[in-house]
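Enquirer: Here is a sequence with its predicted model. Questions after.
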Amino acid sequence: MADSISSSDHDRDLPKPRLYNPYQDLQVPSRNLYQLPTSPEFLFVEEASRQRRSWGENLTFYTGCTYLAGAVGGAGTGLVTGVKSFESSDTMKLRINRILNASGHSGRVWGNRLGVIGLLFAGLESGIVTLRDTDDVWNSVAAGLGTGALYRAARGVRSAAVAGAVGGALVGVALTAKQAVKRYVPI
């Protein structure tokens, strides 16, 4: 009988449920408690120790962010272009139409351009990380160089070289700024 485990011993081995009350800091009488999971977030230890996004997450993140930034920036330039194209005889309806058309067109064009750049960067960075089997800032800088060069390759060697240098420099500046913010800005 010593080998059998009593129910109290079994209950003691189970993790205690973590309760969450979203209204606890609001001084509101409430009894809405939610049980938070006690299991680990990752199934395998390798996933938990990984410090970067997977190539698919990287692809989605960079492409989506750059497309959104391009669409917003393009809409802003389209707004300015639409306002500049006003004529004195335009009605309010026609002015709004000019602004919407110019903003929509510029937003699509800039969003697509920057989305392609984000797609190229994410693919190159993931490929370089896989090839080098190390994760450091040089992977990102090399991906910036390659992205600029590939994006402008159809315009000739000189244009590709200049765009590659600009891409690498922009990534270097962005990484330096990110490290400075992490180091000097308390969060």
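Expert: That came through fine.

Enquirer: element containing residue 135?
Expert: Assigned by DSSP states H and E, residue 135 belongs to neither a helix nor a strand.

Enquirer: and it, how far is that from residue 144?
Expert: Residue 135 sits at a distance of 16 Å from residue 144 (criterion: C-beta to C-beta, to the nearest Å). For glycine as for every other residue, the C-beta is placed from the backbone atoms N, C-alpha and C.

Enquirer: Which one of those two is surrounded by more residues?
Expert: For residue 135 versus residue 144, neighbours defined as other C-beta atoms under 10 Å are more numerous around residue 144 (27 against 13).

Enquirer: Am I right that that one sits in a helix?
Expert: Yes: assessed with DSSP: H, G, I helix; E, B strand; the rest coil, residue 144 lies in a helix.

Enquirer: what's the closest non-adjacent residue to it?
Expert: residue 171 (3.2 Å; C-beta to C-beta, 6 or more residues apart in numbering).

Enquirer: Could you pull up the residues touching residue 73?
Expert: Going by C-beta atoms under 8 Å, 6 or more residues apart in numbering, residue 73 touches 110, 114.

Enquirer: Let's see that with 7 Å instead.
Expert: residue 110 (C-beta atoms under 7 Å, 6 or more residues apart in numbering).

Enquirer: after the helix or strand hosting it, next one along is what?
Expert: Counting by DSSP H and E, the element that carries residue 73 is helix 55-84. As assigned by DSSP H and E, the chain's next helix or strand after helix 55-84 is helix 92-132.

Enquirer: what's that next one packed up against?
Expert: The helices and strands touching helix 92-132, judged by 3 or more C-beta pairs under 7 Å, 6 or more residues apart in numbering; DSSP states H and E, are helix 55-84, helix 137-151.

Enquirer: Report the secondary structure state of residue 35.
Expert: What three-state DSSP gives for residue 35 is strand.

Enquirer: give the contact list for it.
Expert: Applying C-beta under 7 Å, 6+ apart to residue 35 gives the contacts 17, 18, 19.

Enquirer: How is this structure divided into domains?
Expert: The chain breaks down into these structural domains: 12-36, 55-133, 136-179 (assignment by automatic domain parsing).

Enquirer: Span of the second one from start to end?
Expert: End-to-end span of domain 55-133 (C-alpha to C-alpha, to the nearest Å): 14 Å.

Enquirer: Low-confidence bits of this protein, can you list those?
Expert: 1-15, 30-32, 39-40, 42-43, 46-50 (pLDDT under 70).

Enquirer: quick revisit: got TSV for the domains of the chain, with distance to residue 44 too?
Expert: Conversion of those to TSV gives the following (distance: least, C-beta to C-beta, whole Å):
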stretch	distance to residue 44
domain 12-36	20
domain 55-133	16
domain 136-179	24
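
Enquirer: nearest to residue 45, of these?
Expert: Nearest to residue 45, of all the domains of the chain, is domain 12-36, at 18.3 Å by C-beta to C-beta.

Enquirer: Alright, calling it a day.
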